[in-house]
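Peer 1: Have a look at this fold, sequence not included:
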């Protein structure tokens, strides 16, 4: 085989191999939070030193902290989330403690309920309240 063919073949193999390795992060794409995935803070999972267990996840906080959630901490977290969404028609409604859990409402500017979330005080994923 000629040297130029070997070099071209090697370059093609490296290019295809590089694309195969990069494909999972491209396939992951932009997550619901508008950045990279679910609470990763960048493109792909774990980019920028953030992992799946830090920051806000697809349904809310992914907490590694032992501090229990409070009405104040959920209020701040939800306000940050709404700021990231950058939707002038949405705002934070009531955030209350109910049955040992924190319940937060997302409402429209005319106070129509959009979503109600229930947070366990020990953290973890919030649950939608029907």
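Peer 2: Cool, the structure landed. Here the structure is a predicted model, which means the values were calculated and not measured.

Peer 1: In a strand, residue 119, correct?
Peer 2: Yes - counting by DSSP: H, G, I helix; E, B strand; the rest coil, residue 119 falls inside a strand.

Peer 1: so what's it bridging to?
Peer 2: Under DSSP bridges, the beta-bridge partners of residue 119 are residue 102.

Peer 1: what do you get for residue 128?
Peer 2: Per DSSP bridges, the residues bridged to residue 128 are residue 117.

Peer 1: what does residue 113 give?
Peer 2: Beta bridges link residue 113 to residue 107, judged by DSSP bridges.

Peer 1: wait, it sits on residue 105?
Peer 2: Yes - using Cβ atoms under 8 Å, residue 113 is in contact with residue 105, at 6.1 Å. To be clear about C-beta, it is placed using only N, CA and C from the backbone, and glycine gets the same treatment.

Peer 1: Give the residues shared as contacts by those two.
Peer 2: Residues touching both residue 113 and residue 105 (Cβ atoms under 8 Å, 6 or more residues apart in numbering): residue 93.

Peer 1: Neighbour count for the two, which is higher?
Peer 2: A direct count of neighbours by other Cβ atoms under 10 Å for residue 113 and residue 105 places residue 105 higher, at 18 against 12.

Peer 1: what's the one helix or strand that one maps to packed up against?
Peer 2: Assigned by DSSP states H and E, residue 105 belongs to strand 101-108. On a contact count with 3 or more Cβ pairs under 8 Å, 6 or more residues apart in numbering; DSSP states H and E, strand 101-108 meets helix 71-85, strand 90-98, strand 113-120.

Peer 1: Of all the ones you listed, which one is nearest residue 3?
Peer 2: The closest of the helices and strands packed on strand 101-108 to residue 3 is helix 71-85. By Cβ to Cβ, the value is 53.8 Å.
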